[in-house]
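J.: What would the 3D arrangement of this be:
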Amino acid sequence: QVQLVQSGGGLAQPGGSLSVACAASGFTFSDYAMGWFRQAPGKEREFVGGINQEGSFTRYTDSVKGRFTISRDNAKMTLYLQMNNLKPEDTALYFCAKVTDSRAGTREMPYSYDAWGQGTQATVSA
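T.: Purely as a prediction, here's the structure:
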């Protein structure tokens, strides 16, 4: 079955860096666009960014542009999120997700995704 298993995250100081990986299995990873979301306590799940099937196109929400980088290694079936210059407001539970439709590119809405990682906590605090 489709599985997305996340690793990484943790605690960083403001201005620091964290990374999260998402290992995929149970489907042809290279056929699907992927996304990253985050959810802070008391807030709705928020789109962080996405990447197309080949890894040639990425998009980000405005608040993380220039600081976060999404990449993928299709041979390793792994999605990555590199977070630099972290801010306290980046503190959240981060999720990777698989777009439902293999013909689709990146999508911002959670309902466009049909498989989710288990979530990884990233905490930014001095």
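
J.: Using the three-state scheme, assign the closest residue to Ser63 other than its chain neighbours.
T.: Among residues not flanking Ser63 along the chain, Glu89 sits closest, at 7.6 Å (CB to CB, 6 or more residues apart in numbering). For every residue, glycine as well, the C-beta is placed using N, CA and C. Here Glu89 is helix, with the state taken from DSSP: H, G, I helix; E, B strand; the rest coil.

J.: Equivalent analysis for Lys76, please.
T.: Using three-state DSSP, the structure places Lys76 in coil.

J.: got it, and Ser63?
T.: helix.

J.: pLDDT wise, what is it at?
T.: For Ser63, the pLDDT comes out at 97.

J.: Now do it against Tyr113, distance only.
T.: Distance from Ser63 to Tyr113, counting by CB to CB, to the nearest Å: 20 Å.

J.: the more surrounded of these two?
T.: The residue with more neighbours, out of Ser63 and Tyr113, is Tyr113; 22 against 12, by other CB atoms under 10 Å.

J.: Can you verify my assumption that that one contacts Thr100?
T.: Yes. In this structure Tyr113 lies within contact range of Thr100 using CB atoms under 8 Å: 6.3 Å.

J.: got the contact list for the most centrally placed residue in the chain?
T.: The centroid of the chain falls nearest to Trp36 when counting by CA atoms, centre = their mean (2.4 Å). Contact partners of Trp36, counting by CB atoms under 8 Å, 6 or more residues apart in numbering, are Val20, Phe47, Val48, Gly49, Gly50, Ile70, Leu79, Leu81, Tyr94, Phe95, Cys96, Ala97.

J.: Let's see which of those residues end up in helices.
T.: Residues of these located in helices (DSSP state H): none.

J.: now those as a markdown table including neighbour count?
T.: Output for the contacts of Trp36, formatted as a markdown table (neighbours: other CB atoms under 10 Å):
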| residue | neighbour count |
| --- | --- |
| Val20 | 24 |
| Phe47 | 21 |
| Val48 | 24 |
| Gly49 | 20 |
| Gly50 | 25 |
| Ile70 | 22 |
| Leu79 | 28 |
| Leu81 | 26 |
| Tyr94 | 23 |
| Phe95 | 23 |
| Cys96 | 29 |
| Ala97 | 25 |
